[in-house]
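Engineer: from the sequence below, what's the structure:
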Amino acid sequence: MDATPPTARIDIISDAICPWCYIGKRQLERALPMLAKDGLVFDVHWHPFQLNPDMPAEGVERAEYRRQKFGSEERIREIDARVKAAGAAVGLDIRHDLMLRTPNTVNAHRVIWLAGQLGVQDAVVEALFRGFFTEGADIGDPATLARIGEAHGIPEGRIAAMLAGDEGLKVVLSEDDLARRSGINGVPSFIMKGHVLFSGAMPAETMAEAFTQAWSILSKQAA
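Structural biologist: Numbers count the residues shown, from 1 in each chain. Predicted structure coming up:
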């Protein structure tokens with residue numbers, strides 16, 4: 001009988017409203033089977049980063065916020081066209097027309113943290129991305145977060161109870177702060193054994209090659 005390949009770990013720093021994080025997730029999902037063929041099996045863990053750390057808790061109306069951030073409608077159309085094309089290339093239908101609010105993502109990150117404790121993190125991360133980018137869901141809204149989380153493995157009432165207090169808040173804020181103090185200023189960022197390998201939604205083949213090389217080097221250093 002063949003031995004079961006050892007399981008390693010990939011940590012991803014991301015934000016739930018980062019389109020390149022969603023696209024990067026798809027590229028990673030294509031890369032993992034390539035790695036498995038070479039006997040490398042990875043568990044994936046998601047960690048928080050706020051693209052807009054000063055966002056009001058209730059979020060803001062998206063169109064005006066983006067006009068202020070990017071300066072012109074022409075610039076916004078250019079950005080959106082590039083994101084939409086990159087998403088389509090990996091099978092995602094990015095619907096900018098449905099995104100009406102830019103949320104504060106702290107509570108979304110708390111839900112992702114909770115999902116990690118319960119073993120359903122990938123499903124919840126996927127659902128949050130899909131909700132925001134393809135369904136126009138306000139993922140800063142506690143009721144929306146509860147609906148999405150409970151539909152993907154988090155027990156009923158658990159999210160509402162968490163968000164009513166401060167459970168997970170300190171963890172999320174401290175991890176966000178650690179990422180910034182470590183020099184991370186772009187997401188998604190991919191980490192192996194404490195080393196930042198790269199940032200961005202690289203093609204799956206490039207990802208697989210980077211993970212293979214990193215695993216080889218870091219495993220020898222640990223030996």
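Engineer: next one: Ala36 from Lys69, what distance?
Structural biologist: 40 Å (Cβ to Cβ, to the nearest Å). For every residue, glycine as well, the C-beta is placed using N, CA and C.
Engineer: would Asp11 count as being in a strand?
Structural biologist: Yes. Per DSSP: H, G, I helix; E, B strand; the rest coil, Asp11 lies within a strand segment.
Engineer: number of residues surrounding it?
Structural biologist: 16 (other Cβ atoms under 10 Å).
Engineer: wait, what's in contact with it?
Structural biologist: 44-47, 190-192 (Cβ atoms under 8 Å, 6 or more residues apart in numbering).
Engineer: how about it: what's its closest non-neighbour residue?
Structural biologist: Excluding its sequence neighbours, the residue lying closest to Asp11 (Cβ to Cβ, 6 or more residues apart in numbering) is Ile191, at 4.2 Å.
Engineer: now for the contacts of Asp11: which two are most distant?
Structural biologist: Largest separation among those by Cβ to Cβ: Trp46 and Met192, giving 14.5 Å.
Engineer: which one's more surrounded, these two?
Structural biologist: Neighbours per residue (other Cβ under 10 Å) separate Trp46 from Met192, with Trp46 holding more: 24 against 19.
Engineer: what lines up beside the host helix or strand of that one in the sheet?
Structural biologist: Assigned by DSSP states H and E, Trp46 belongs to strand 41-48. Using DSSP bridges, strand 41-48 pairs in its sheet with strand 7-14 (parallel).
Engineer: the helix or strand following the strand it pairs with - what's its average pLDDT?
Structural biologist: Per DSSP H and E, the first helix or strand lying C-terminal to strand 7-14 is helix 19-37. The predicted model assigns helix 19-37 a mean pLDDT of 97.
Engineer: mind listing what's buried in helix 19-37?
Structural biologist: 19-28, 31-32, 34-35 (16 or more other Cβ atoms under 10 Å).
Engineer: now the strand or helix carrying Glu126: average pLDDT?
Structural biologist: Under the criterion of DSSP H and E, Glu126 resides in helix 121-135. Helix 121-135 shows a mean pLDDT of 98.
Engineer: dump that helix to PDB, restricted to CA.
Structural biologist: The C-alpha coordinates for helix 121-135 follow below in PDB (Å, rounded to 0.1, in the frame of the first residue of the first chain):
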ATOM      1  CA  GLN A 121     -13.400  27.600   6.700                       C
ATOM      2  CA  ASP A 122     -13.000  26.900   3.000                       C
ATOM      3  CA  ALA A 123     -16.700  26.600   2.500                       C
ATOM      4  CA  VAL A 124     -17.400  29.800   4.400                       C
ATOM      5  CA  VAL A 125     -14.600  31.800   2.700                       C
ATOM      6  CA  GLU A 126     -16.000  30.700  -0.700                       C
ATOM      7  CA  ALA A 127     -19.500  31.700   0.200                       C
ATOM      8  CA  LEU A 128     -18.500  35.100   1.400                       C
ATOM      9  CA  PHE A 129     -16.500  35.700  -1.800                       C
ATOM     10  CA  ARG A 130     -19.500  34.500  -3.900                       C
ATOM     11  CA  GLY A 131     -21.900  36.500  -1.900                       C
ATOM     12  CA  PHE A 132     -20.100  39.800  -2.300                       C
ATOM     13  CA  PHE A 133     -18.700  39.400  -5.800                       C
ATOM     14  CA  THR A 134     -21.500  37.600  -7.600                       C
ATOM     15  CA  GLU A 135     -24.600  38.200  -5.600                       C
END
